[in-house]
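Chemist: Return atomic coordinates for the entry below.
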Amino acid sequence: MTRHPEVPPDCRLITRDSVGSTSEEAKLLATQSAPDRTVVWALEQTAGRGRHGRTWDSPVGNLYVSILLRPNSNVSAAPQIGFAVGAAMADAIHNTAGANVILKWPNDLLLDDRKVSGILLESADAGDGVVDWVVAGIGVNLASTPELPVSTGFPAGSLRASGHEIEPAMLLEAFLPRLFGLIDVWAQDGFAPVRTAWEKMSMAPGTPINVKLPDGTVAGVFEGIDEVGNMILGTPDGPVQVAVGDVFPVSSVPTGVS
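Modeler: Numbers count the residues shown, from 1 in each chain. Okay, the predicted model is just below:
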């Protein structure tokens, strides 16, 4: 294991040389009553996962971390944590590596039109619509570039391939204080300030995109996110709020969709 990074005092950091999945370990710890802000960091994953069950290639040299949170929030608000994770990581990458990453709704980070990071949120309901725990897993391609399926739309990239060098421990040190700061703001003031932080680093309004929905694909332009985190898609028929979907570049047509 490399040097032990400095972390906020209210954070419990668990380090591993290798795990199947940092999120699986964090979820297990959640069921064992691990406290809020327990963080699992590994040098490599042997069974990393992304959205929709996709595998996430996880060799040594990149950042793999999952954060266990126990927010006092409704289940319906829990997905907003993903925007805090994305905004915190984008800001950390910019300030440590000098890379201007772009946030792509709902949970990816792009650099030079390539995916360099993905976020996966998982949660458990404590009953009565209240969240028991949320595990936010994030992987950042620092040194190497995994193969991504064509269905993801954007090709994979890495910070190193774009000329930016940073060690995982240094990025983790920068990321965690930013994340916990945004989580505290979210808990006190709601989603609005997190939304503002996220949109400052998102793709520009007016960017043409294709959006794969559960029942088909819609073309339009990105117009930001609304007060709960839905994407606002501009179309010839007016703005459309998208709660569930995948964003693709206009040059890419999602697999299986004409």
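
Chemist: Going by C-alpha atoms from here, please, whenever you check contacts or count neighbours.
Modeler: OK.

Chemist: What ranges does this protein have for its strands?
Modeler: 12-19, 38-45, 63-69, 102-104, 108-111, 114-127, 130-140, 208-213, 216-225, 231-235, 238-242, 246-249 (DSSP state E).

Chemist: nearest to Lys200, of those strands?
Modeler: Closest approach to Lys200 among the strands of the chain (Cα to Cα): strand 102-104, 9.0 Å.

Chemist: any idea which of the strands of the chain is most buried?
Modeler: strand 63-69 (a mean of 26; mean count of other Cα atoms under 10 Å).

Chemist: what about it, average pLDDT?
Modeler: When pLDDT is averaged along strand 63-69, the result is 97.

Chemist: how about the strands of the chain in a markdown table, adding distance to Thr96?
Modeler: Output for the strands of the chain, formatted as a markdown table (distance: least, Cα to Cα, whole Å):
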| stretch | distance to Thr96 |
| --- | --- |
| strand 12-19 | 21 |
| strand 38-45 | 19 |
| strand 63-69 | 14 |
| strand 102-104 | 15 |
| strand 108-111 | 15 |
| strand 114-127 | 15 |
| strand 130-140 | 14 |
| strand 208-213 | 30 |
| strand 216-225 | 26 |
| strand 231-235 | 29 |
| strand 238-242 | 33 |
| strand 246-249 | 27 |
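
Chemist: Which one of those strands lies nearest to Trp186?
Modeler: Per Cα to Cα, nearest to Trp186 of the strands of the chain: strand 63-69, 12.8 Å.

Chemist: helices and strands around the closest one, which ones?
Modeler: helix 22-31, strand 38-45, strand 130-140, helix 168-189 (3 or more Cα pairs under 8 Å, 6 or more residues apart in numbering; DSSP states H and E).

Chemist: That strand pairs with which strands?
Modeler: strand 38-45 (antiparallel), strand 130-140 (antiparallel) (DSSP bridges).

Chemist: List the residues that contact the closest residue to Asp108 other than its chain neighbours.
Modeler: Spatial nearest neighbour of Asp108, excluding adjacent residues (Cα to Cα, 6 or more residues apart in numbering): Gly118 at 4.6 Å. Gly118 sits next to 50, 107-109, 138-140 when contact means Cα atoms under 8 Å, 6 or more residues apart in numbering.

Chemist: Which pair of those spans the longest distance?
Modeler: Longest span within those, Cα to Cα: Gly50 and Leu109, 13.3 Å.

Chemist: one step back: output the strands paired with strand 63-69 in CSV, with mean pLDDT and distance to Val211 appended to each entry.
Modeler: Shown next, in CSV, are the strands paired with strand 63-69 (pLDDT from 0 to 100; distance: least, Cα to Cα, whole Å):
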stretch, mean pLDDT, distance to Val211
strand 38-45, 96, 30
strand 130-140, 97, 23
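
Chemist: Nearest to Ala30, out of those strands?
Modeler: Comparing those by Cα to Cα, strand 130-140 comes nearest, at 6.9 Å.

Chemist: neighbouring contacts of the closest one?
Modeler: If you take Cα under 8 Å, 6+ apart as the criterion, strand 130-140 is touched by 22-23, 26-27, 30, 62-75, 78, 82, 85, 116-126, 158.
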